[in-house]
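Trainee: Here is the input, now give the coordinates:
(chains A and B)
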Amino acid sequence: MSTRKKQYWELFLVFFKIGAFTFGGGYAMIPLIRNEVVNKKLWLSDDEFMDMLAIAQSMPGPIALNTALFVGNKRSGFKGSLFSGAGVILPSFIVILLIALIFTQFKENTVVERIFRGIRPAVVALIVAPLLGLGKSAGINLKNIWIPVIVALSVWLLKISPVYVILAAILLGVSHYLFAKQTLKK
Amino acid sequence: MELTDLLLSLFVSFLKIGLFGFGGGYAMLPLIQREVVDVHGWISVSDFTDIVAISQTTPGPIAFNSATYIGYTAVTGMGFSQGYGVLGSAICTLAVSLPSLVIMTAVCAFFFRLKSNPWMQASLSVLKPAIIGLIASAALMLMNGHNFIDYKSWIIFGVVLVASLKKVDPILLIMLSGVAGLFLYPA
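Mentor: Have a look, this model is predicted:
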């Protein structure tokens, strides 16, 4: 195998492993990705990794996929990102497809329904729990707490599409910056 | 509905989810729920909660997991064969990943200029707190009569919340809640 080909398959395998062994998605995957990419393979330095993470988190889409695509592209160009991206997607694709095939057969089963009656409130609790820690890392304080409050209320109560909320947030940030720049000039 | 129409609207919906899914994971839930439950009615809100539960116990990001699962159930739910269901899964997964592929390719080309770009910093200053609001709305939207059927649901919610804040493993908590469901809701 040529070295180029070997690089592609190595990317695929490393991210397949990451995709297969990280439960809970996004934030749970970061230490594992760092260990593989920075410590074991030496594809990125620690500084590069932290910069890349900041970018991957600021862009739309799953963080794990964005990270995989970035590392693949840095290592072997666009084609490399196709291999790393496919690697990180495939494990969950296979697992969920199997579950969909099986679960849809058993959904009417009363035992399964009783189990899920217990699980559903737990799902909501697991979404609420990390909010406090995330709020801190997103830099929420008394001056900007109105932003998440208004977003939550407009999506939940007013049923406004998150698409518009996100566009409004970007517009507000940019116009605030423009305004600050104007007043600075004067 | 024609199969091609269904596959096309699945593709467009998940493309939208990938394109506007800032913050990843839970922050993408309100967007996914709006598209697949409220707008298109491909699945019910209880089914949607079950997908989130399955995502929390299986590897991989929630966006992929829901794309794969909803692609399959939406197609087979309309009476098409399992083979077409697998095709639906593949189309949704591809659609949700495409925006990331395009954007990250551009990012890699302009990486160092983007990092300190003031426009980017300016958008993020509001976007980051907004993402916290989106996650909160995901939780609020799921606190409904389908998922919280009686006081026992709230007890499970409270116990799991406290245990999760104490860093108990989420997969273990989901399994224990399932067992609790079996005992609390006798046949």
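
Trainee: for chain A, which spans come out with low pLDDT?
Mentor: A:1, A:23-28, A:186 (pLDDT under 70).

Trainee: wouldn't B:A27 be in contact with B:A139 here?
Mentor: No. Using C-beta atoms under 8 Å, B:A27 is not in contact with B:A139; the gap is 11.3 Å. Yep, even glycine has a C-beta here, placed from its N, CA and C like the rest.

Trainee: Please say which of those two ends up with more neighbours.
Mentor: Each of B:A27 and B:A139 has its neighbours counted (other C-beta atoms under 10 Å in any protein chain shown); B:A27 has more, 25 against 21.

Trainee: how is chain A carved up into domains?
Mentor: Chain A is divided into the following domains under automatic domain parsing: A:3-129, A:140-186.

Trainee: Where does chain A get nearest to chain B, residue-wise?
Mentor: A:G118 (2.1 Å; C-beta to the nearest C-beta).

Trainee: ok, that residue to A:T110 distance?
Mentor: When C-beta to C-beta, to the nearest Å is applied, the distance between A:G118 and A:T110 equals 13 Å.

Trainee: what's the overlap in contacts for these two?
Mentor: Residues touching both A:G118 and A:T110 (C-beta atoms under 8 Å, 6 or more residues apart in numbering or on different chains): there are none.

Trainee: When these two are compared, which one has more neighbours?
Mentor: A:G118 (24 against 9).

Trainee: Check B:R113 and give its pLDDT.
Mentor: According to the prediction, B:R113 has pLDDT 66.

Trainee: and if you look at B:S123?
Mentor: B:S123 is given a pLDDT of 84.

Trainee: Help me confirm that it comes into contact with A:V174.
Mentor: Yes. Assessed by C-beta under 8 Å, B:S123 is found in contact with A:V174 at 5.8 Å.

Trainee: For the two, work out which one has more neighbours and name it.
Mentor: B:S123 (22 against 17).

Trainee: That one: which element?
Mentor: helix B:118-142 (DSSP states H and E).

Trainee: can you count the residues close to the spatially closest residue to A:V174 that is not a sequence neighbour?
Mentor: Closest residue to A:V174 apart from its sequence neighbours, by C-beta to C-beta, 6 or more residues apart in numbering or on different chains: B:A122 at 5.2 Å. Look at B:A122: counted by other C-beta under 10 Å, it has 20 neighbours.

Trainee: contacting residues for B:A122?
Mentor: A:G173, A:V174, A:H176, A:Y177.

Trainee: go on, A:L13?
Mentor: Counted by C-beta under 8 Å, 6+ apart, A:L13 has contacts A:G87.

Trainee: what comes up buried for the host helix or strand of it?
Mentor: Assigned by DSSP H and E, A:L13 falls within helix A:3-21. For helix A:3-21, burial by neighbour count (16 or more other C-beta atoms under 10 Å in any protein chain shown) applies to A:Q7, A:Y8, A:E10, A:L11, A:F12, A:V14, A:F15, A:F16, A:I18, A:G19, A:A20.

Trainee: before we move on, what about stretch B:165-179?
Mentor: In stretch B:165-179, counting by 16+ other C-beta under 10 Å, buried: B:P170, B:L173, B:I174, B:M175, B:L176, B:S177, B:G178.

Trainee: Ok, stretch A:38-56 next?
Mentor: So, applying 16+ other C-beta under 10 Å, buried residues of stretch A:38-56: A:V38, A:W43, A:L44, A:E48, A:F49, A:D51, A:M52, A:L53, A:I55, A:A56.
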